[in-house]
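K.L.:
Have a look at this fold, sequence not included:
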């Protein structure tokens, strides 16, 4: 699904992606629809692996179940649905549970505790989806519960894949010099050779070494480009040279939405590099203050800056 926004502003993109769109175009750049439609029609759904373990999506709201399932399928796992606490424990081979905070009839937290007592699977990660007011009520009860994360209703649904990856890969060593931080901001991509019109995209996550951009028309690997975006409210406008080092077509990648991974060049001017570090530090600080904890010592350390 492709959304049309009046202007590529963060608030408009947040609303569009919260509805589940795959990409967007501004009203004054409808010429960009062609390549993005081509990318959408060329791809397909991510097929689950044969006999794969599964994710259970437990939510009484059918529309939200479908929206969340569409994203977690990117993990390459089969998806099963539940609309109450009894259905959650009815599946074998569960790798991850995504549950609504108000899951009937006991709520997600009590459902998780009962599931872990009954199965002995305290290492099965849970993501609880709910309103901020629900998190405020449950925050103290989440302390000490291993491998559980909170995901706010209304956030970009695609970011739930990042949360799931942090939980499922909690023991995997990272060679990155800085953590990937979720970031939703409009981004303008210009190809260095100037042979194509600028491409409007959206940031998905950011590290000090690069950025992943969501787009249905990702540039080819090896393409030199520059990407312009702003980190947070009132941040510096960044224009950073980089290179496309990997790409995901629609339906062709596990764990990421369609888009392109850009590695920043070492030749970034010092003033721009300083602005990148300031923006990254502010983004990291703001996310540490937001109510999206990943409980459990092993998982919690993954969000820290190196």
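P.N.:
Nice, thanks for sending it over. Every value quoted in this text rests on a predicted model; they were computed, and no experiment measured them. Residues are numbered from 1 along each chain as shown.
K.L.:
what about the closest residue to residue 113 other than its chain neighbours, distance to residue 222?
P.N.:
Closest residue to residue 113 apart from its sequence neighbours, by Cβ to Cβ, 6 or more residues apart in numbering: residue 145 at 8.0 Å. All C-beta atoms are positioned from the backbone trio N, CA, C, and that covers glycine. Distance, residue 145 to residue 222, using Cβ to Cβ, to the nearest Å: 45 Å.
K.L.:
Name the residue in these two with the higher neighbour count.
P.N.:
Looking at residue 145 and residue 222 with other Cβ atoms under 10 Å, you find the greater number of neighbours at residue 145, namely 17 against 8.
K.L.:
you'd agree residue 94 is up against residue 125?
P.N.:
No. No contact is recorded between residue 94 and residue 125 when judged using Cβ atoms under 8 Å, the distance being 9.9 Å.
K.L.:
of those two, who's got more company?
P.N.:
For residue 94 versus residue 125, neighbours defined as other Cβ under 10 Å are more numerous around residue 125 (26 against 20).
K.L.:
any idea whether the closest residue to that one other than its chain neighbours is helix, strand or coil?
P.N.:
Distance criterion Cβ to Cβ, 6+ apart; nearest residue to residue 125, sequence neighbours excluded, is residue 167 at 3.7 Å. When classified by DSSP: H, G, I helix; E, B strand; the rest coil, residue 167 comes out as helix.
K.L.:
Let me know whether residue 167 touches residue 149 as I believe.
P.N.:
Yes. At 6.1 Å, residue 167 and residue 149 qualify as touching, with contact defined as Cβ under 8 Å.
K.L.:
What's the first helix or strand after the strand ranked longest in the chain?
P.N.:
In the chain, with assignment by DSSP state E, the single longest strand is strand 237-248. Taking DSSP states H and E as the definition, the helix or strand that follows strand 237-248 towards the C-terminus is strand 259-264.
K.L.:
contact partners of that following strand?
P.N.:
By Cβ atoms under 8 Å, 6 or more residues apart in numbering, the list of residues contacting strand 259-264 from outside reads 201, 204, 208-215, 218-219, 225, 227, 240-248, 276.
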